[in-house]
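Peer 1: Please find the sequence and the predicted model below.
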Amino acid sequence: MNILDLDHSLTQQAPIKERLHDGRAIRLDLLALGPVLRLWSTETHYQRFAGHLSHRARPLGNRPEIFFVGSGDYHHLTPALLADLPEPITLIHFDNHPDWVHFAPRRHCGSWVNRALKLPNVKRIITLGPCSDDLQSPQLKGGNLGALKRGDLQLFPWRHPPSKVWGKIGDGPGHRQMDGHLHWHNLADVDWPAFLEQLVASLPTDAVWITIDKDVLASEDAATNWDQGGMRLTHLLDAIRALAAQTRVLGIDVCGEFAPPAFSNPLKRWEAKSDQPPAERWSDADIARNAQTNAALIALFEELFP
């Protein structure tokens, strides 16, 4: 298990600290890069990060690679983790945001899905759990509805009202188009085990990579730098268990810790202040839930991939 230490948010959490101490996890010191990578990155800094990945711990046998990455402001680093996969995969993406914006810089935590779709071994991305207002009039906000139309991207909100769209998008597994709106198949309303069974049966590849932003979770289960979704931890754990039982999981990355804002660039400070809720909404007790949730995730990973 690799701990990518970009923002100090992980290394003092008890379940991670214990595993760093006894060698079950390895820490990559990326603190010098953290501020320039956070929220968005130039290509030069992104490639510097990719170079550091050569020092990561490689799992033995057929166990998946597992990464804990820190704040969700670093989710745009996920494509670097996927760059040298040995076979085609489906990317299973848990997030409160679709991260599919065309208008943002290409190495941005709100646009990284578009970069991942261009990777040769990524055959489909399935995004599970968004509740955010990114899905309100998504075309006006730069959402990649072209990928949704082609089927390269499937999106299943946790709960969201119909989204106004223009032009023909067509129906998909996670939505149907009617009266100028995309009517979503909200996961909050489905039989979760039955949905997971159908999801696995529909995958275009035998192998998957799971990427998790903990802002997909309700505030009872996580405290992040972004607005929280509605999925409960039990749903997330059940999904990981189902995927591990019926597919080959090549890797998992987890972001969505809370890290105090620390931006090297004034534009980033402005963007974070404009887009993110105030950090003061969380107490120390709220933030402690991240360690509890990480403990549950790590325990499941160790059970499934001994």
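Peer 2: Perfect, thanks for sending it.
Peer 1: quick one: contacts of the single longest helix found in the chain?
Peer 2: With secondary structure taken from DSSP state H, the chain has its longest helix at helix 284-304. If you take Cβ atoms under 8 Å, 6 or more residues apart in numbering as the criterion, helix 284-304 is touched by 1, 9-10, 13-16, 19, 66, 68, 212, 214, 217, 219-224, 233, 236-237, 240-241, 244, 249, 252, 254, 256-258. Quick note: C-beta positions are derived from backbone N, CA and C, even for glycine.
Peer 1: Please enumerate the helices of the stretch 151-300 of the chain.
Peer 2: 192-202, 233-246, 266-275, 284-304 (DSSP state H, counting those that start in this stretch).
Peer 1: Could you export the first one as CSV, CA atoms only?
Peer 2: The C-alpha trace of helix 192-202 is given here as CSV (Å, rounded to 0.1, in the frame of the first residue of the first chain):
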residue,chain,number,x,y,z
TRP,A,192,-28.1,-2.0,-4.4
PRO,A,193,-27.0,-5.7,-4.6
ALA,A,194,-29.1,-6.2,-7.7
PHE,A,195,-27.6,-3.0,-9.3
LEU,A,196,-24.1,-4.2,-8.5
GLU,A,197,-24.8,-7.6,-10.1
GLN,A,198,-26.1,-5.9,-13.3
LEU,A,199,-23.2,-3.5,-13.3
VAL,A,200,-20.6,-6.3,-13.2
ALA,A,201,-22.4,-8.2,-15.8
SER,A,202,-22.3,-5.2,-18.2
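Peer 1: for it, the distance to its chain's centre please.
Peer 2: Distance, stretch centre to chain centre, for helix 192-202: 20 Å (Cα atoms, centre = their mean, to the nearest Å).
Peer 1: now the angle from that helix to helix 233-246?
Peer 2: Angle between the axes of helix 192-202 and helix 233-246 is 40 degrees (criterion: axes from the mean of the first three to the mean of the last three Cα atoms, to 10 degrees).
Peer 1: try the third one
Peer 2: Here helix 266-275 runs at an angle of 110 degrees relative to helix 233-246 (the same axes, to 10 degrees).
Peer 1: Could you tell me what pLDDT the model assigned to the residue of the chain most remote from its centre?
Peer 2: Largest separation from the mean C-alpha position in the chain: Asp179, at 31.3 Å (Cα atoms, centre = their mean). If you check Asp179, the pLDDT there is 96.
Peer 1: ditto for the one 3 residues further on
Peer 2: Per-residue pLDDT puts Leu182 at 98.
Peer 1: Could you do Arg150 as well?
Peer 2: 97.
Peer 1: so where's the stretch 201-306 of the chain uncertain?
Peer 2: Across the stretch 201-306 of the chain, nothing is flagged by pLDDT under 70.
Peer 1: re earlier: among the helices of the stretch 151-300 of the chain, which is the most enclosed?
Peer 2: helix 233-246 (a mean of 18; mean count of other Cβ atoms under 10 Å).
Peer 1: Which strands or helices does that one pack on?
Peer 2: strand 89-94, helix 192-202, strand 207-213, helix 284-304 (3 or more Cβ pairs under 8 Å, 6 or more residues apart in numbering; DSSP states H and E).
Peer 1: Including distance to Pro161, could those go into a markdown table?
Peer 2: Output for the helices and strands packed on helix 233-246, formatted as a markdown table (distance: least, Cβ to Cβ, whole Å):
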| stretch | distance to Pro161 |
| --- | --- |
| strand 89-94 | 21 |
| helix 192-202 | 20 |
| strand 207-213 | 22 |
| helix 284-304 | 28 |
